[in-house]
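1. The following comprises the amino acid sequence and a computationally predicted model.
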Amino acid sequence: MRGSDYVVKRVLFAIGTVFVAVTLNFVLFRSLSGDAVSALRCRTCTQDFKEFQRRELGLDKSKWEQYKIYLVDLAHGDMGRSLRTEEPVRSILWEPIKNTLPMVALGTLFSIVFGIATGVIAAWRRGTAADKGALWGGLAFYSMAPQWLGLVIVLYLAGWLGLPTSGVKDPTLGILSDPSAIEVVVDRLEHMILPALTLGLVIFGQYTLIVRSAMLETLGEDYVLTSRAKGLSNWATVWKHGFRNAMLPVITLVALSLGFIIGGAITVEYVFSYPGIGLLIVEAIDQRDYPVLQAAFLLLTLSVILFNLLADLLYFRLDPRVTE
Amino acid sequence: MSAPLLEVQDLNVWFDLPNGNTLHAVQGVSFSIRPGTRLGMVGESGCGKTTTVLALMGLLPPTSSVSGRILLDGTDVLAGGEQTISPHRWRDVAMVFQGAMNAFDPVKRIGEQIAEPMELHKQVSGKEASARVRELLDIVGIAPNRARSYPHELSGGMRQRAAIAMALACSPRVLLADEPTTALDVMVQAQILDLLTHLSDELGLALVFVTHDLPIVAQTCTHAAVMYAGRIVEQGPTDALYHETRHPYTRLLWAATPDLESRDDVVSIPGVPPRLDHDIEGCPFAPRCDRAQARCVTERPELRSMGPGHVSACHFAESLAAVS
Amino acid sequence: MSPVQTGAPPAEEAPPTRSLALRTLASPILREPSALVALAVLAFFVFLAVASPLLVGDDPKAQVGEVFEPPSRELPLGTDGGGANMVSMLVAGAQISLLIGFAAALISAVIGGTVGILSGFFGGRTDTVLMRLTDYFLVIPDVPLMIVIAALFGRSTWNIALIIGVIYWTFTARLIRAQTKSVRERVYVQRARALGARNSRLVLRHVLPQVTPLLIANTVLLIAYAIFAETFITFLGLGDPTAISWGRLIENAFKDDAIINEAWWAIIPPGLCVMFVVLACTILGQALEDALNPRLRTGHLSVRRFRVLPSPRRQEP
């Protein structure tokens, strides 16, 4: 198989990064061991109780010991218990993940579609008003703080479109009768659209820029001139030769902007009170629920690493020149 | 004597410059080609030879203006601009570009790309097209099974041949080759030149060969046109240009090429060609000419007949005969 | 494959002078109208930030009217959720937001620039090690990391700036590394090396002047990122509680239920300010980078075709 060593290299790198992420996670959170306990909010906490908690959380052992325990626990999927509710973190994360994933996926889809459309138009009609419009539009949206855009959308757009602006489902659904599967899906979608749209709008601008310059660069390549010389029309040339080549950098860019996407998702969920991982993180910060925060952060980091790996492999599949 | 296949009459090309001026890149170029003719266009970089051949295919950018006539089988194809030229692209006149290494789309196989113009113009497809692709590869000396290779999997020389195969796809009658052997090593160069000569002899293909390398022209071409500052300064059968050089520039070009057997010093031509963004008074070569006189600076020399099919633009062309 | 050739042979590269470096920065700005506008906008906000104490007096947070009072002649942008003058809040906010933005970008530039130059200049093991480090850093999502570190460590303005700066150095590092590598291969550097110049001299006199314009261009872009990041952090409640920044103003609007009160004057202006500054930095930085990383490609597709002029009748020779 072509370049199987490339695949192996990337997977190994991903594993290495996972290791770094896990360790970083540990270092970040454990270094506040003392704070975590002393920040426990309980009205009747005595010193003894705090000592007990400390031992429970293993904070009395050496850092190295703690590290090993951490790794073992993690391998078993044990991410501790919420300081607030005593529930195992693992079960707290489940619902929010189910909510966040489709919303972020939808938002990313919006951004890719908007970005490619505007980028292609801008390159295609280079120098004309359409080019300037697409660029400025993309840039303007890209310069908006996501929470601000979210607020503006809630203020002006939501009422007009009749879309809900908080939560993930209609609380009245299912009270009078069993909702059908379609009704549930539609309901979920309705709640997802505004946050996803906000996310998509805030992000697409940088794709516009990249698609445009990738397109322009591609269009300046000799094989495009050759294609025109062979008699293909502008449109056919773009479609058959320009597109594929120009889209390759987009994959890389999406992978690189994952951090920004997640940041945007967190703020957007906060604005729209959308009960996903983002909102969970915000609440955990507010309540100093460090185990939850730590687990959520680790989860996010691991997802990003995974997606980067997938993006790498996808790029590899699409570009036959990648061999090393 | 067969009628001229391709005749260029008084071709002029101007480019709009960002500062508002125009660059007069091609100035009054005329030549005619019969089947089996191999015309070499020689000159330093910037003399207008590439622009001339691009004009023949109508591949000039929107910042350019063209005047003159391009007669294909007696009909002016330039008159209607894109409309009249595009039907002839690849079918009557095809081109092998400078740096043909990049003429291929990196993400598609070369067989596909060679077949592309066939499918577009001649409506052959599928099995017929594949068969013809293999035939073409065979003609240029590439193993037919390489049709499934990607461009980066071929060596430079092979890619050049593949580019030639692609150019022949629709059986054109005129092949334009822009520096097809630059950036190839000497052995491969020789092979390509042999191939082109062979194609011309066997298929009656007319060749316009753009290069800065005069010895190649001497080796391969039946006729030569020497260009300087956008104009043809000497033109005629290669033999005549070699044995009866009638222009100081041509003479210097011959002298500038190192001769393994001679003990003479290599002569280089000092100075640089003139800028073409304003009109030039007198002979454009005068500043660098070793035989320039007062007349050369004020009066522009016109092309004058020096013999059958041999013209030169120099006031003192006849006196040159004594020297060489 | 440019059809436009002027016929002049490439000049031998000479080492750049300081004035040349400045000129390479100035000319793309002066030539491009949008970049000029961007510079003007940025200058305006910088002025606001610097002059802020003079413009708003002692306490911009002082209550001057009812909560969420709509705009009027005395209060052009009304009041916020605490009854304070929105205009004062905005101007005060400019100071902190821009300060954080510039400081963070500077930190990033210094770290990233150093790593990039070291990596690009020395190559070999230094390069590999540094780039590995960068690679690992790059994969970890930036915004969540910032949020977490801010949550854990610090809520002061300087901490925030530091955090943002430390996170973003990787982008600069890669860019500067590439540029350093290409400069290292240039003729005059090789020559200086052959003459026995020490590394430090090579870096200071040859590499640095060539790399600095690009570094500046990149830093301008980073300012945009940094201001953005600040709004993220503040919005999630992690900012300095005593500092007024635009991010804080947006957060206030949210927390104080400006939406329910339909107080658009409390919501829209701070976000607009952020948008304008970020936009200005992006345009400026992009214009600079584009000019310094020339990609002079002419597109081979054209909407309009070449023009055909009527032939003047001429005698054949």
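-> Good, I have the coordinates.

2. the strands in the stretch 201-317 of chain C, which residues?
-> For the stretch 201-317 of chain C, applying DSSP state E, counting those that start in this stretch gives strands covering C:307-309.

3. Sketch out the low-pLDDT regions of it for me.
-> Applying pLDDT under 70 to the stretch 201-317 of chain C flags the ranges C:202-203, C:292-317.

4. Now do the helices in it.
-> Secondary structure of the stretch 201-317 of chain C (DSSP state H, counting those that start in this stretch): helices at C:208-235, C:246-255, C:264-292.

5. Residues contacting the shortest one, please?
-> The reference is to helix C:246-255. Residues outside helix C:246-255 that contact it (Cβ atoms under 8 Å, 6 or more residues apart in numbering or on different chains) are A:145, A:147-148, A:151, A:271, C:80-82, C:89-90, C:93-94, C:96-97, C:227, C:230-235, C:237, C:239, C:259, C:263, C:266-267, C:269-271, C:273-274. Quick note: C-beta positions are derived from backbone N, CA and C, even for glycine.

6. lowest-pLDDT helix or strand in chain A?
-> Lowest by mean pLDDT, DSSP states H and E among the helices and strands of chain A is helix A:33-38, with a mean of 52.

7. B:G36: what's it in contact with?
-> B:200-201, B:204-206, B:222.

8. Just the ones of these in helices?
-> Here DSSP state H is the test, and the contacts of B:G36 give B:200-201 as lying in helices.

9. now the contacts of B:G36 as JSON lines including neighbour count and pLDDT?
-> Output for these, formatted as JSON lines (neighbours: other Cβ atoms under 10 Å in any protein chain shown; pLDDT from 0 to 100):
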{"residue": "B:S200", "neighbour count": "21", "pLDDT": "89"}
{"residue": "B:D201", "neighbour count": "11", "pLDDT": "89"}
{"residue": "B:G204", "neighbour count": "14", "pLDDT": "86"}
{"residue": "B:L205", "neighbour count": "23", "pLDDT": "89"}
{"residue": "B:A206", "neighbour count": "23", "pLDDT": "92"}
{"residue": "B:T222", "neighbour count": "19", "pLDDT": "92"}
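
10. nearest to B:V66, of the contacts of B:G36?
-> B:A206 (21.5 Å; Cβ to Cβ).

11. wait, doesn't that closest one sit right on B:R34?
-> Yes: counting by Cβ atoms under 8 Å, B:A206 does reach B:R34; the two are 6.8 Å apart.

12. list residues touching both of the two?
-> Common neighbours of B:A206 and B:R34 (Cβ under 8 Å, 6+ apart) are B:L5.

13. now the stretch 51-200 of chain C, which segments are flagged as low pLDDT?
-> C:57, C:154, C:187-188, C:197.

14. Identify the residue of chain C closest to chain A, quick one.
-> Chain C approaches chain A most closely through C:V143 (2.7 Å), counting by Cβ to the nearest Cβ.

15. Extract the C-alpha trace of the helix or strand harbouring that residue and format it as CSV.
-> In the assignment (DSSP states H and E), C:V143 maps to helix C:142-153. Coordinates of the C-alpha atoms in helix C:142-153 are reproduced here as CSV (Å, rounded to 0.1, in the frame of the first residue of the first chain):
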residue,chain,number,x,y,z
ASP,C,142,-5.5,27.0,21.7
VAL,C,143,-8.6,28.6,23.0
PRO,C,144,-9.5,25.8,25.5
LEU,C,145,-6.0,25.8,26.7
MET,C,146,-6.1,29.5,27.3
ILE,C,147,-9.4,29.2,29.1
VAL,C,148,-8.2,26.5,31.3
ILE,C,149,-5.0,28.2,32.2
ALA,C,150,-6.8,31.4,32.9
ALA,C,151,-9.3,29.5,35.0
LEU,C,152,-6.5,28.0,37.0
PHE,C,153,-3.9,30.6,37.3
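
16. Contacts for that helix, please.
-> With Cβ under 8 Å, 6+ apart as the criterion, helix C:142-153 contacts A:28-29, A:31-32, A:259-260, A:262-264, A:266, A:281, A:285, A:293, A:297, A:300-301, C:159-160, C:163-164, C:167-168, C:229, C:232-233, C:236, C:238.

17. on that earlier part again, how about the helices of the stretch 201-317 of chain C, which one is nearest A:T128?
-> helix C:264-292 (18.8 Å).

18. close to chain A, is the closest one?
-> Yes: Helix C:264-292 reaches chain A (Cβ under 8 Å from any Cβ of the partner chain) through C:264, C:267-268, C:270-271, C:274-276, C:278-279, C:282-283, C:286.

19. Cool, thanks, talk later.
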